[in-house]
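In: okay, here's the prediction I keep looking at, along with the sequence it came from:
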Amino acid sequence: MLGIASQIEAQEEKSRQPDRQQQEVSPEQQEENKDIPTITNPAVFNEKDLDKLLEKQREYVKKHYPDYRIVGEGQEQDYFDSRHYSEFDLKNEDDEWVMIIRFDIEEAYQAYMKKHQKEIEREAAKLIKQGTIKIE
């Protein structure tokens with residue numbers, strides 16, 4: 001079972017690493033972003049499925065901020081509170097950054113990861129039983 005544990009540890013380590021987009025932010029971009037207002041949790045959704053939650057959040061942003069367009073969206077783990085957030089970056093019609101909308105997705109993210117880890121364990125067990133993977 002060492003192989004399964006290693007896969008799970010690697011997956012957990014990957015989930016703890018910052019989003020690639022977050023890692024590649026230039027100092028100029030960081031300076032520019034600090035002046036952009038950020039709104040966190042303008043609405044709370046009772047949804048445990050991560051994909052459905054993200055879609056509801058996207059629709060909320062489109063409905064409540066119709067004068068702006070979403071130019072970037074993603075997920076990140078906050079450096080300070082270690083929670084996972086979805087993020088929507090908005091620009092106005094003059095192509096100026098206007099605001100960032102963030103939603104806490106921690107519960108749905110953890111449920112997604114738990115489900116995904118169980119799938120890996122089931123698949124590994126199946127491959128071991130079939131003899132495709134041998135553990136010595």
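Out: Structure received.

In: state the distance from the residue positioned nearest the centre of the chain to Glu121.
Out: Nearest to the mean C-alpha position of the chain, counting by C-alpha atoms, centre = their mean, stands Gln75 at 2.9 Å. From Gln75 across to Glu121, the span is 24 Å (C-beta to C-beta, to the nearest Å). Where you see a C-beta, it was placed from the backbone N, CA and C, and this is true even at glycine.

In: for the chain, what helix or strand is lowest in average pLDDT?
Out: The weakest-scoring helix or strand in the chain, judged by mean pLDDT, DSSP states H and E, is helix 20-23 (a mean of 37).

In: on that earlier part again, check contacts around the residue nearest to the centre of the chain.
Out: For Gln75, the contacting residues are Asp19, Leu54, His84, Tyr85, Ser86, Glu87, Ile105, Tyr109, by C-beta atoms under 8 Å, 6 or more residues apart in numbering.

In: out of those, which are buried?
Out: Buried members of these, scored by 16 or more other C-beta atoms under 10 Å, are Leu54, His84, Tyr85, Ser86, Glu87, Ile105, Tyr109.
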